[in-house]
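Asks: how does the following fold in three dimensions:
(one chain, ligands or ions: 2)
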Amino acid sequence: MSDLLEVRNLKKYFPIKGGFFRHTVGHLKAVDDVSFSIPKGHTFGLVGESGCGKSTLGRAILRLHEPTGGEIHLDGTDISRLNSRELVAHRREMQIIFQDPYASLSPRRTVMQTLLEPMEIHGIGNPASRKEKVLELLDIVGMRPNVLHRYPHEFSGGQRQRIGIARALTLDPKFIVADEAVSALDVSVQSQVLNLIARLQRELGISFLFISHDLAVVQHISHEIGVMYLGKLVEVASSTDLYRKPLHPYTKALLSAIPVPDPDSKTRRTILQGDVPSPLNPPSGCPFRTRCPEAMDICARSMPALKTVGEGNNGLPHQVACHLY
Ligand code: SF4
Ligand code: MG
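Replies: Numbers count the residues shown, from 1 in each chain. Ligands and ions are numbered 1, 2, ... in the order given. Model (predicted):
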């Protein structure tokens, strides 16, 4: 299976300023040496607690944040090496959907204007073909043509997210980052929008990086899942394998925090101890060791590398960064 996206050793460090002259006194390693790939038409779920670097990773891949190091190959082009002019030509291939479409939809533009704008900016088609495309997009996201002249405030959160998705599709992207795209929605609306994204991924063959703090949300929509902790990927596996046989103690704790439908279930719950350490001052060795119920001596001395420990039933490797394996 060919990869649409391949991220190699990606880093995004933010300088920390201090002292009288506001000089750089250190770095916040928001994304620290992250490597993974997404096959064409697959959804890669990225989970972890807030502040673990998920959004920064998503933005660094799109170069909305300038990466500190590493490579980003999208369909054969190393995005990280492009200058700003070359990057413009590739912008249309990669889009982002935000948690709050309100923030990305202009309150003064109608749905029609919002959906036409990206095509006008990129000089795609003519007025008639652009209008036809807008109607097609509305149909794809399940909205009627009578919404075209309405403004964002006239819609519910779920409808606004459909408009945000339609806008992300105007330029026929190959890759979409969905950053907490359903987190602000009611549970029933969440599943409608998730179904829509799953259908787009299947029918249009788009690859998604689906970011969420909620493992239960990414489970059904993702082919593969990456678990992130303090700027690092600590486990990557197919969705099935990650749920059936999680390996990393952090993944196990996240999974056991998902409410079980059967209240009499004997499933043992691992309660996560303490808070996430400050990324300004991460622990030595394994970043998870201050909260890990299985920490050993070696965990304080050496950082475990992400390594393949097996192959899942669908041929996707199971990778984990932990000294237990
Ligand atoms: Fe826990 Fe050690 Fe594994 Fe880190 S490396 S998750 S501290 S057992
Ligand atoms: Mg975020």
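Asks: ranges for the helices of the stretch 51-200 of the chain?
Replies: Remark: helices assigned in the stretch 51-200 of the chain by DSSP state H, counting those that start in this stretch are 54-61, 84-91, 101-104, 111-121, 127-140, 157-169, 187-204.
Asks: and the next helix-or-strand element following the last one, how far out from the chain middle?
Replies: Spelled out, that is helix 187-204. On the C-terminal side of helix 187-204, the closest following helix or strand by DSSP states H and E is strand 207-212. What separates the centre of strand 207-212 from the centre of its chain is 4 Å, taken as Cα atoms, centre = their mean, to the nearest Å.
Asks: repeat that for stretch 97-115.
Replies: The answer for stretch 97-115 is 20 Å, by Cα atoms, centre = their mean.
Asks: buried set for stretch 204-216?
Replies: Ile206, Ser207, Phe208, Leu209, Phe210, Ile211, Ser212, His213, Asp214, Leu215 (16 or more other Cβ atoms under 10 Å). The way it works is simple: take the backbone N, C-alpha and C, and place the C-beta from them, glycine included.
Asks: stretch 139-147 too?
Replies: Buried, per 16+ other Cβ under 10 Å, within stretch 139-147: Ile140, Val141, Met143, Val147.
Asks: isn't the third one right next to Ile165, touching?
Replies: It stands for Met143. No: the pair Met143 / Ile165 is not scored as a contact, 10.1 Å apart, by Cβ atoms under 8 Å.
Asks: what separation do you get for Glu66 and ligand 1?
Replies: 31 Å (Cβ to the nearest ligand atom, to the nearest Å).
Asks: give me the number of residues near that residue?
Replies: Neighbours of Glu66 under the rule other Cβ atoms under 10 Å: 9.
Asks: quick one: contacts for it?
Replies: Shown in contact with Glu66 (Cβ atoms under 8 Å, 6 or more residues apart in numbering): Ala60.
Asks: can you list the residues of the stretch 201-325 of the chain near ligand 1?
Replies: Within reach of ligand 1 by Cβ under 6 Å from any ligand atom, the stretch 201-325 of the chain has these residues: 248-249, 286, 288-289, 292, 294-296, 299, 304, 322-324.
Asks: where exactly do the strands run in the stretch 151-300 of the chain?
Replies: All strands of the stretch 151-300 of the chain, identified by DSSP state E, counting those that start in this stretch, fall at 175-179, 207-212, 224-229, 232-238.
Asks: now tabulate those in JSON lines and tack on mean pLDDT.
Replies: Shown next, in JSON lines, are the strands of the stretch 151-300 of the chain (pLDDT from 0 to 100):
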{"stretch": "strand 175-179", "mean pLDDT": "95"}
{"stretch": "strand 207-212", "mean pLDDT": "96"}
{"stretch": "strand 224-229", "mean pLDDT": "97"}
{"stretch": "strand 232-238", "mean pLDDT": "97"}
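Asks: now those strands in JSON lines, with distance to Gly157?
Replies: Putting the strands of the stretch 151-300 of the chain into JSON lines (distance: least, Cβ to Cβ, whole Å) gives the following:
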{"stretch": "strand 175-179", "distance to Gly157": "15"}
{"stretch": "strand 207-212", "distance to Gly157": "16"}
{"stretch": "strand 224-229", "distance to Gly157": "25"}
{"stretch": "strand 232-238", "distance to Gly157": "31"}
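Asks: so where's the protein uncertain?
Replies: 1, 259-271, 313 (pLDDT under 70).
Asks: so which residue is smack in the middle of it?
Replies: Nearest to the geometric centre of the chain sits Ile211, at 3.0 Å (Cα atoms, centre = their mean).
Asks: just the buried residues of stretch 204-216 now: which is nearest ligand 1?
Replies: Closest approach between the buried residues of stretch 204-216 and ligand 1, by Cβ to the nearest ligand atom: Leu215, at 17.0 Å.
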